[in-house]
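Asker: The sequence and its predicted three-dimensional model are supplied below.
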Amino acid sequence: MKILIIEDENELADSISEYLSEENYLCEFARTFNQALEKIESFNYDCILLDIMLPDGNGMKILEELKKQNKQDGVIIISAKNALDDKIKGLQIGADDYLTKPFHLSELAARIYSVIRRKQFGNSNTVRQNELEIDLLAKTISVHNQPVILTKKEFDLLLYFVGNKNRVISKSTLAEHLSGDFADMLDNHDFVYAHIKNLKKKLSEAGCESYLKTVYGTGYKWEG
């Protein structure tokens with residue numbers, strides 16, 4: 001799962017990233033208003049942490065831009081401003097949650113999980129598709145009630161496919177999801193193929209139906 005941290009306080013941004021990385025999130029940074037605009041125009045995120053008080057612009061404008069582009073990224077405003085008007089405005093424009101500084105990182109992680117679960121998995125802690133069951137809290141999967149051991153990347157890929165069921169997803173989009181903006185620096189996307197091959201093999205060996213289809217010349221699609 002990919003997170004964009006829009007925050008000009010470097011120490012706070014780094015501590016958030018360090019904590020979330022331990023929770024298996026891939027974090028990227030935007031330290032300024034303009035950097036944030038570039039990021040949201042170029043990439044998609046599972047959740048955006050948005051400080052509305054940036055040195056070169058108002059974070060509310062970022063929210064408005066996301067709405068204008070019809071983006072579906074989850075957004076949590078993190079702000080030192082505890083004004084009710086700001087909370088109401090942010091939520092009305094399209095933010096999913098509002099957290100006032102200072103906050104506990106464990107609470108932030110819980111809010112992020114809640115936003116992603118609500119947006120992608122219908123507010124459920126468990127995703128089921130016939131013989132396949134995914135426990136979002138424990139980050140485990142089972143097929144026919146038997147556990148299947150996946151790597152972090154494989155689990156992330158599986159969640160991404162299931163969360164985008166019946167949509168064709170290109171290799172470049174998958175590379176960006178797994179590697180963030182580093183994907184642009186890679187010569188090819190062979191590592192994506194390797195992860196998908198391993199994921200399909202593990203699911204198949206466990207007796208899972210072949211839900212993940214290759215759309216030749218385009219990408220992949222999870223059917224369900």
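Answerer: Good, I have the coordinates.

Asker: switch to C-alpha atoms for all contacts and neighbour counts from now on
Answerer: OK.

Asker: dump the residue contacts of residue 169.
Answerer: Contacts for residue 169 (CA atoms under 8 Å, 6 or more residues apart in numbering) come out as 218-221.

Asker: what do you get if the cut-off is 7 Å, keeping everything else the same?
Answerer: 219-221 (CA atoms under 7 Å, 6 or more residues apart in numbering).

Asker: got these as CSV, with distance to residue 121 and neighbour count columns?
Answerer: As requested, the contacts of residue 169 are exported to CSV (distance: CA to CA, whole Å; neighbours: other CA atoms under 10 Å):
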residue, distance to residue 121, neighbour count
219, 22, 16
220, 20, 20
221, 17, 20
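
Asker: Next up, phi/psi of the one residue sitting closest to the centre of the chain, please.
Answerer: Nearest to the mean C-alpha position of the chain, by CA atoms, centre = their mean, lies residue 46 at 2.5 Å. Per-residue torsions, residue 46: phi -70, psi -30 (degrees, to the nearest 10).

Asker: quick one: low-confidence ranges for the chain?
Answerer: Residues of the chain meeting the criterion pLDDT under 70: 82-83, 180-188.

Asker: Kindly report the domain assignment for it.
Answerer: According to the domain assignment given by automatic domain parsing, the chain is divided into the following structural domains: 2-120, 123-222.

Asker: And the strands in this structure?
Answerer: 2-6, 26-30, 47-50, 53-54, 57-58, 74-79, 97-100, 126-129, 132-135, 140-143, 146-148, 168-170, 212-215, 219-222 (DSSP state E).

Asker: Now that we have those strands, can you turn them into CSV and tack on distance to residue 107?
Answerer: Listed next are the strands of the chain as CSV, based on distance: least, CA to CA, whole Å:
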stretch, distance to residue 107
strand 2-6, 16
strand 26-30, 17
strand 47-50, 13
strand 53-54, 21
strand 57-58, 25
strand 74-79, 12
strand 97-100, 9
strand 126-129, 21
strand 132-135, 20
strand 140-143, 22
strand 146-148, 29
strand 168-170, 32
strand 212-215, 34
strand 219-222, 32
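
Asker: Among those, which comes closest to residue 85?
Answerer: Across those, residue 85 has its closest neighbour in strand 97-100 (11.8 Å, CA to CA).

Asker: so what does the closest one touch, helix or strand wise?
Answerer: Judged by 3 or more CA pairs under 7 Å, 6 or more residues apart in numbering; DSSP states H and E, strand 97-100 is in contact with strand 74-79.

Asker: now the angle between strand 2-6 and the strand it packs on, please.
Answerer: Orientation of strand 74-79 against strand 2-6 (axes from the mean of the first three to the mean of the last three CA atoms, to 10 degrees) gives an angle of 30 degrees.

Asker: So what's the gap between strand 74-79 and the chain middle?
Answerer: Distance of strand 74-79 from the chain centroid (CA atoms, centre = their mean, to the nearest Å) equals 14 Å.

Asker: Please apply the same query to stretch 195-211.
Answerer: The answer for stretch 195-211 is 22 Å, by CA atoms, centre = their mean.

Asker: mind listing the helices for this structure?
Answerer: All helices of the chain, identified by DSSP state H, fall at 10-22, 33-42, 59-68, 84-93, 105-121, 152-163, 171-179, 190-205.

Asker: Tell me the buried residues in the fourth one?
Answerer: To tie it back to what came earlier, the one meant is helix 84-93. Neighbour-count burial for helix 84-93 flags 86-87, 90-91 (criterion: 16 or more other CA atoms under 10 Å).

Asker: From those, pick the one nearest residue 7.
Answerer: Closest to residue 7, out of all of those and judged by CA to CA, is residue 90, at 16.3 Å.

Asker: Noted, bye for now.
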